[in-house]
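# what follows is a predicted structure for the sequence shown.
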Amino acid sequence: MVMLEVLTQRLTRVLDKLGGKGKLGEEDINEALHQVRLELLEADVNFKVVKEFLAKVKERTLATGVLHSLTPAQQVIKIVNQELTAILGKEHSDLVSVNHPPFIALVVGLQGSGKTTTVVKLAVNLKQKGQRPLLVAADTRRPAAVAQLRALAEQQNIPVHSEPLPQNKDGTVTPTTICLHAVAKAKELAATWVIVDSQGRLHIDKDMMRELADIKSALKPSEVLLTVDAMTGQEAVKIAQEFHSQIGITGLILTKMDGDARGGAALSIRFISGIPIKFMGTGEKAGDLESFYPDRLASRILGMGDMLSLIERAEKTFDQKQAKNLEKKVRCAGFDLDDLLSQIHQLHKMGALGQLVELVPGLSRISPHLPNDEGEKRLKKVEAIISSTTYEERHNPNIINGSRRRRIARGSGTTPQDVNQLLNQFYQLEKLTKSLARGKLPKNIPNAFMANWPQSK
């Protein structure tokens, strides 16, 4: 996660220094916590949060005999992890479904917070879990808001309710009436969730809150979710407190967590506002909305990875039918370039390689030393080369001779040497799959297995 990457690197460096010492004294703890304090404040974490966090870490470290244990550094890191998790909310908070469907989620927020995009992402998230969402275009003030929602939802095959209604005295459509009609339509469609894209403003005002209060009173939603732009820093905390005090918020959705801001709001907002974080927006794609797990984010911040989230991404992305077909082809030693291209496409769906690296324990520590976007560039080059081959060449790479290699290189914007490197890599992979099909693992897998991927330039 780009937003917290710098904080992760700095905290990891501080804790690594602590781990390099055999025995720890109170001075070592004080020095380490002083460095942690500076890093958290630099990341724009609220001062009250930093103060409380460090006080609890120091109290637990000195009171539980950690300094006299056999592994004091590991025990300190464990305490830091636990207290960081406590600040973020301790437990996962899922969507609440009250009574019987259709359940209603009222999504609110200021303009520019990514509210409309988040509404579609939330619908996609629910659809992946087997739910049947209906979106409601209740933002009648912002120009093209309805058209934007419809365009995004259409790409994901998600129904949207919007309608021209009789206008009231000030010449605007009544959002409350739109929402009530949407609930009736949801019952006809047997939708399980109604997600309302409410009207936003450039700033909080009385008219805005009155409209939201009217909608909430009429719909009695299971969830009132506030979208907060994580890049606005501590202003996000103030916005959450204001919305909560006036209309009552049940959950937060932090958007733009893939941005390059310092990310302190993500660590402050739950503690200060008392509102649970339920989702995080981690990218621009429709599937880039993650359920929020405090313990997982704490582990990622401390450079410990997050294998559970990685597994969940893989389960959502990889087609089970394709996986079974690929397994059959591997068993029959029929793996070809088409299968390799298919796996690259599946990998792209899981997200950027930089995001995936952060989820693997240990790799987040070395990611800053890796060339920027190097893996992405290599995969794109491989994809371009395979896409420039004919159907026959993909299924029988052995026919690719010198003239074919030159044609493929011209078509993919690469060189014949790049094509050679890819084919050599593929032949090694083919040998490996044939060995696995026979139930044997080669004794000497080439050390340069990954080195032969076409190099980016």
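Thanks, I have it.

# can you tell me the SS state at K278?
Here K278 is strand, with the state taken from DSSP: H, G, I helix; E, B strand; the rest coil.

# typed the wrong thing, it's S97
Looking at S97 with three-state DSSP, the answer is coil.

# so it touches S222, yeah?
Yes - in this structure S97 lies within contact range of S222 using C-beta atoms under 8 Å: 5.7 Å. C-betas here are computed from N, CA, C, even on glycine.

# more neighbours: these two, which one.
Neighbours were counted for S97 and for S222 using other C-beta atoms under 10 Å; S222 has more, 19 against 16.

# state the distance from the more buried one to K278.
Taking C-beta to C-beta, to the nearest Å as the measure, S222 falls 12 Å from K278.

# now the longest helix along the chain: mean pLDDT?
Ranked by number of residues, the top helix in the chain under DSSP state H is helix 416-437. Mean pLDDT, helix 416-437: 77.

# which strands and helices sit next to that helix?
With contacts defined as 3 or more C-beta pairs under 8 Å, 6 or more residues apart in numbering; DSSP states H and E, helix 416-437 has these neighbours: helix 320-331, helix 337-349, helix 374-387, helix 402-412.

# which residues touch the shortest one?
Contacts with helix 402-412, where a contact means C-beta atoms under 8 Å, 6 or more residues apart in numbering, come from 381, 384-385, 387-389, 393, 400, 414-416, 418-420, 423.

# okay, the angle between that helix and helix 374-387?
Orientation of helix 402-412 against helix 374-387 (axes from the mean of the first three to the mean of the last three C-alpha atoms, to 10 degrees) gives an angle of 120 degrees.

# got a quick PyMOL command for the buried subset of the contacts of helix 402-412?
Remark: buried members of the contacts of helix 402-412, expressed as a PyMOL selection using 16 or more other C-beta atoms under 10 Å:
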select buried, resi 381+384+385+388+389+393+400+414+416+418+419+420+423
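
# identify, from the contacts of helix 402-412, the entry nearest to I29.
K381 (48.9 Å; C-beta to C-beta).

# wait, that closest one sits on D418?
Yes - at 6.5 Å, K381 and D418 qualify as touching, with contact defined as C-beta under 8 Å.

# thinking again about what came up before, find residues that contact each of S222 and K278.
Joint contacts of S222 and K278 (C-beta under 8 Å, 6+ apart) are L95.

# so how far is stretch 35-50 off the chain centroid?
Chain-centre distance of stretch 35-50: 24 Å, with C-alpha atoms, centre = their mean, to the nearest Å.

# please shift the residue numbers so they start at 636 in all later answers.
Sure, I'll start numbering at 636, so the last one becomes stretch 670-685.

# list the buried residues of it.
Neighbour-count burial for stretch 670-685 flags 670-672, 674-675, 678-681, 684-685 (criterion: 16+ other C-beta under 10 Å).

# name the helix or strand of this structure that has the lowest mean pLDDT.
Lowest mean confidence among the helices and strands of the chain (mean pLDDT, DSSP states H and E): helix 998-1001, at a mean of 50.

# spit out the residues that contact S732 and S857 alike.
F738.

# if we can go back for a sec, of the contacts of helix 1037-1047, closest to A819?
Checking the contacts of helix 1037-1047 against A819 with C-beta to C-beta, the nearest one is S1022 at 48.2 Å.

# can you tell me how far the closest one is from I979?
For S1022, the distance to I979 - C-beta to C-beta - is 10 Å.

# before we move on, what about L650?
Applying C-beta to C-beta, the value for L650 to I979 is 36 Å.

# more neighbours: the two, which one.
L650 (21 against 14).

# so after the helix or strand encompassing the more buried one, what's the next helix or strand?
Assigned by DSSP states H and E, L650 belongs to helix 640-654. Heading C-terminal from helix 640-654, the first helix or strand you meet, by DSSP H and E, is helix 661-677.

# does anything pack onto that following helix? Which helices or strands?
With contacts defined as 3+ C-beta pairs under 8 Å, 6+ apart, helix 661-677 has these neighbours: helix 640-654, helix 682-698, helix 707-723.

# where does the residue nearest to the spatial centre of the chain land on pLDDT?
Residue closest to the average C-alpha location in the chain (C-alpha atoms, centre = their mean): T917, at 3.7 Å. On pLDDT, T917 comes in at 83.

# now do E687
Looking at E687, its pLDDT stands at 90.

# for it, give its distance to F906.
Counting by C-beta to C-beta, the gap from E687 to F906 is 8 Å.

# so for the two, which residues contact both of them?
Taking C-beta under 8 Å, 6+ apart as the criterion, E687 and F906 both touch I722.

# thanks a lot, catch you later.
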